[in-house]
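Novice: Dropping the sequence and predicted coords here.
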Amino acid sequence: MNGEATKYIGIRGLVSSVFILSVITNILMFSGPVFMLQIYDRVLTARSEETLVVLIILVAMLYGFFWIIDYSRSRILARVGARIENNHSQKFFSSYLYTVSRGRERPQANLQDLMSIRRAFSSQVVLSLFDLPWAPLFILAIYVFHPVLGYAALSSIILLAVVAIINQILTSKKRSRSATLSRDSERLLHEAAHNADYLWAQGMAKALTDRWRKVNDEALNSAVVSNDLSGVFSSFSKAARLLLQSIILGIGAWLVLRNEMTPGAMIAGSIMLGRALSPIEQTISQWETIQRFRQGLRSINELEADSPSSKEDPSKIPAPTPHLAVRSLTIKFPSREEPHLNQITFDVQSGEALGVVGPSASGKTTLARALVGLIPPSLGEVRIGNATLNQYDPIRRGNFIGYLPQEPKLFSASISENIARMESSFDIDDVVGAAKLASVHEDILRLPDGYDTLLGESGFHLSGGQKQRIALARALYRDPIFLILDEPNSALDSDGAANLNKVIIELKRRGRAIVVMTHRPSALGPCDRLLVLKGGRAIAYGDRDDIIEKTMKNSKNVRMAM
């Protein structure tokens, strides 16, 4: 039995325990009505103090037992929620990263959706759902006292059930809209904070603040309207329960006056109706929690369904040979009629470097993302060795490919952890080796804590060139077979560019396959062949010197781009 199945068997066992405890809890809830029945029909009639004392001791013991059982099931449900969140958290995080990495709109699911599941299990509403099926048992007990009282109690249940259904119909869309607007507000705030320095430098801070406030005001107004509407039903259900209990008490009094019922049964029936109505009222008052729970499940299921981990793992095929083959690669996005890349074909053999050049928006970055598996081909294929990219698990595939994006990102961690691709355990010799190859080792040693220097918002701030070389070291970590470098010298000075060329030459000597996207002629020196892109099409491909001589000297657009 695999670990995933064991996790869910454990959850089912806990839920089964809660069900059993709920059976005991609801049986114990008869203690109060039976106690009142005995008080009115036996103690007061017989005027027996001994019986009263025994009844008080017995009901105290039963309610003490009820307290222990009810507390136990609350604790168990809280742990069920925590276990569900724990079981899904890693998959959720990887699914979220995967979806964002595909270049799509940021997914609607976020950490709040995952937390809403745990919060629901920690609230009283889930306990109410476990108690809800026992309402018919209390109605049946009331019916035993008198059929008229039973029918009245049944009508009360139906009334509150109708209120719950109307509440769902009228508030579900408003809750969903409020949640969407809140996410939009949160996303805009995150984007503004991420680019705060640029916003202030360009005088955009006020405009973004006004835009965020408008979106946030819409979210708040939507939430207030939704809460107001939900509050109407919640308050009505409370008032209705109290009124219905009083009506049942009045009907019982009428039946007592007609000598069709005892005073004890009258009081016990009112108490039992309150117990039957309580789970329904609790469900209505906590409807927002239920909706958030359902929305959280829906969002997370949609997100995880698109994750590679939700599909069958690819076969463990052998590591690829250093041969990159691209055949008729076409990339087309729904937002644009024309393909971003159209029928691109080339090969990079072991020990070769291909330079990809072209003006802005020619498709260089799109090609780089396709070569590392971030964008699936619309048509054609990308092969490493003899296998297509999707035949390798994304995590395993990343061990074969070193990727330096156009805008490299470093994480809030030490330099060594950043180079080691955030692995929890790594060999420092591998980290230092990659740093030396990227010609950034000496720069790191000059930092306050060397390889242990912390980066990020609260850590040390590096220059653009230092960030790019550390990101290059991360791409070189553990000597990958393929290197995809997107504008690797954009933030480098002349010395840095010269060191980059030495890196490419060394990688060629090791038999690696390298692709370099660049605007700068200085990066083309180590390249064996060139691919010239324009408008997503290959307008030239071949030996570097031939391309430079025959095409680049006569192409104004390409020359200006370089």
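Specialist: On my side now, so go ahead.
Novice: what are the ranges of the strands in the protein?
Specialist: Shown for the chain, the strands assigned by DSSP state E span residues 324-331, 341-348, 353-357, 379-384, 387-388, 401-404, 482-486, 513-517, 529-534, 537-543.
Novice: TSV please, covering those strands and showing mean pLDDT and distance to residue 224.
Specialist: Backbone N, C-alpha and C define where each C-beta goes, glycine included. Converted to TSV, the strands of the chain look like this (pLDDT from 0 to 100; distance: least, CB to CB, whole Å):
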stretch	mean pLDDT	distance to residue 224
strand 324-331	95	45
strand 341-348	95	48
strand 353-357	95	53
strand 379-384	95	50
strand 387-388	92	52
strand 401-404	93	46
strand 482-486	95	47
strand 513-517	95	50
strand 529-534	93	52
strand 537-543	92	53
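Novice: Let me have these in a markdown table, adding distance to residue 39 and mean neighbour count as columns.
Specialist: Formatted as a markdown table, those follow (distance: least, CB to CB, whole Å; neighbours: other CB atoms under 10 Å):
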| stretch | distance to residue 39 | mean neighbour count |
| --- | --- | --- |
| strand 324-331 | 80 | 20 |
| strand 341-348 | 84 | 20 |
| strand 353-357 | 89 | 25 |
| strand 379-384 | 82 | 18 |
| strand 387-388 | 79 | 16 |
| strand 401-404 | 78 | 23 |
| strand 482-486 | 82 | 25 |
| strand 513-517 | 86 | 26 |
| strand 529-534 | 90 | 23 |
| strand 537-543 | 91 | 17 |
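Novice: Quick one: those as a markdown table, columns for distance to residue 266 too.
Specialist: Shown next, in a markdown table, are these (distance: least, CB to CB, whole Å):
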| stretch | distance to residue 266 |
| --- | --- |
| strand 324-331 | 77 |
| strand 341-348 | 81 |
| strand 353-357 | 88 |
| strand 379-384 | 79 |
| strand 387-388 | 78 |
| strand 401-404 | 78 |
| strand 482-486 | 81 |
| strand 513-517 | 85 |
| strand 529-534 | 87 |
| strand 537-543 | 88 |
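Novice: what about residue 479, neighbour count?
Specialist: 13 (other CB atoms under 10 Å).
Novice: Make sure it is actually in contact with residue 510.
Specialist: Yes: with contact defined as CB atoms under 8 Å, residue 479 reaches residue 510; the gap is 7.2 Å.
Novice: pLDDT on stretch 408-423, on average?
Specialist: Averaging pLDDT along stretch 408-423 yields 89.
Novice: oh sorry, the question was meant for stretch 232-243
Specialist: 80.
Novice: Now for residue 469, how many residues are close by?
Specialist: Neighbour tally, residue 469, other CB under 10 Å: 28.
Novice: meant to ask about residue 184
Specialist: Neighbour tally, residue 184, other CB under 10 Å: 16.
Novice: Please apply the same query to residue 351.
Specialist: Neighbour count for residue 351, taken as other CB under 10 Å: 15.
Novice: what's the closest of the strands of the chain to residue 66?
Specialist: strand 401-404 (60.8 Å; CB to CB).
Novice: Now do that closest one: distance to the chain's middle.
Specialist: In this view, strand 401-404 has its centroid 26 Å away from the chain centroid, taken as CA atoms, centre = their mean, to the nearest Å.
Novice: partners of it in the sheet?
Specialist: Sheet pairing for strand 401-404, assigned by DSSP bridges, gives strand 482-486 (parallel).
Novice: For the partner strand, report the contacting residues that lie outside it.
Specialist: 322, 324, 364-365, 368, 371-372, 384, 400-406, 472, 475-476, 504, 507, 512-517 (CB atoms under 8 Å, 6 or more residues apart in numbering).
Novice: If we use 6 Å, what do you get?
Specialist: 324, 365, 368, 371-372, 401-406, 512-517 (CB atoms under 6 Å, 6 or more residues apart in numbering).
Novice: same deal with stretch 500-513?
Specialist: 322, 324, 348, 350-351, 353, 437, 482-483, 488-489, 514, 525-526.
Novice: Of those, which is the nearest to residue 295?
Specialist: Closest to residue 295, out of all of these and judged by CB to CB, is residue 482, at 41.3 Å.
Novice: I'd like the distance between the closest one and residue 392.
Specialist: As judged by CB to CB, to the nearest Å, residue 482 and residue 392 stand 12 Å apart.
Novice: do residue 178 as well
Specialist: Residue 178 is 42 Å from residue 392, by CB to CB.
Novice: okay, now the domains of this protein?
Specialist: Under automatic domain parsing, the residue ranges defining each domain of the chain are 3-308, 324-561.
Novice: All good on my end, thank you.
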